[in-house]
Structures are given as structure tokens and as C-alpha cells.
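Student: Dropping a prediction and its sequence here:
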Amino acid sequence: MSRRSRAREVAFQVLYQDDLNPGGVPGARDQFLRRRLDSESYEFARDLVAGCRKHRAEIDALLENTAEHWALGRMTATDRNILRLGAYELMHTETPERVVVDEAVELAKRYGTARSSQFVNGILDRLMKKTEENHHGTI
């Protein structure tokens, strides 16, 4: 597993904890990142987590709009947080889109249900196409 893949995995774990235990102990999740990653990977994971937290309302609204017939609350916490991470990376980083989708699908295979990878792939693919259309002015 590459360093960035590992950083995404640990960032996903923090986002999952944020989702299920929103109160949490201040600093505990940052320590979780620090204990599991080298300094470069820690910086990348911390930026992903901070970005997902900062843009969560925007990301959630976009995912609800993109995931037709699926409210975020009906999704498994695993799928929901993998999608948040992927959506953030698609919209707010320079990571190539295909890399973002592939990384999210791998997380879904590892942590989700038998159908999670297809679900995550489908929604992020639709989101990627919407993002491309918006950048090209067709919407």
C-alpha cells in the first residue's frame, strides 16, 4: 500500500469516528493520525480530514443530489464516509480524478459490504462527470 493510500485509509477511519461519535475527545483523533502515519503521510491525512470537516455540509448536499434515491442517512457509515473523502478529494485537491475514484473503491472493498465498491464507484463516477461538466460550463 502506498503512503498516500495509507493516509487515506487512516483519514477515512477518523471520518468514520467523527460520524459515529461526533463529540469525541479533543485531540484524540489527531493523535490517532500521528500514531499511525509518518510525518508526510500525517500532513496529507490531516489535510483530508480538515477539508472534509470544513466542507461537510457542501459535500453532503452534493452527495445527496448525486446519489439519486439515496439519503445519506440510509447509507452505511462506511460508504458515507468513503464517499465524503472521495468527494472532497475530487472537488478540492489536485489529485487526478481516476486516482481518487480508484482509491475510494479500494477502501470500499476493504471496509465495506460486498456491494460497497460498486456503489462508491457509481456515485463518485457521476460526481466526477458533474464536476467536469461544471468546469466546462455545460450546467
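Tutor: Here it is on my side, so go on. Residues are numbered from 1 along each chain as shown.

Student: Now do the host helix or strand of Tyr42: distance to the chain's middle.
Tutor: Using DSSP states H and E, Tyr42 maps to helix 39-54. Taking CA atoms, centre = their mean, to the nearest Å, the mean C-alpha location of helix 39-54 is offset from the chain mean by 11 Å.

Student: what angle do the next helix or strand after that helix and helix 39-54 make?
Tutor: Counting by DSSP H and E, the next helix or strand C-terminal to helix 39-54 is helix 56-66. Comparing the axes of helix 56-66 and helix 39-54 via axes from the mean of the first three to the mean of the last three CA atoms, to 10 degrees yields an angle of 70 degrees.

Student: quick one: buried residues of helix 56-66?
Tutor: Buried residues in helix 56-66, counted by 16 or more other CB atoms under 10 Å: 56, 59, 62-63, 66. Every residue, glycine included, has its C-beta placed from N, CA and C.

Student: what mean pLDDT does the helix holding Tyr42 have?
Tutor: The average pLDDT for helix 39-54 rounds to 96.

Student: one step back: what is the nearest of the buried residues of helix 56-66 to Val49?
Tutor: In terms of CB to CB, no member of the buried residues of helix 56-66 lies closer to Val49 than Arg56, at 10.7 Å.

Student: Apart from its neighbours in sequence, what residue is nearest that closest one?
Tutor: Spatial nearest neighbour of Arg56, excluding adjacent residues (CB to CB, 6 or more residues apart in numbering): Arg84 at 6.9 Å.

Student: since we're on that neighbour, how many residues are nearby?
Tutor: Residues near Arg84, counting by other CB atoms under 10 Å, number 27.
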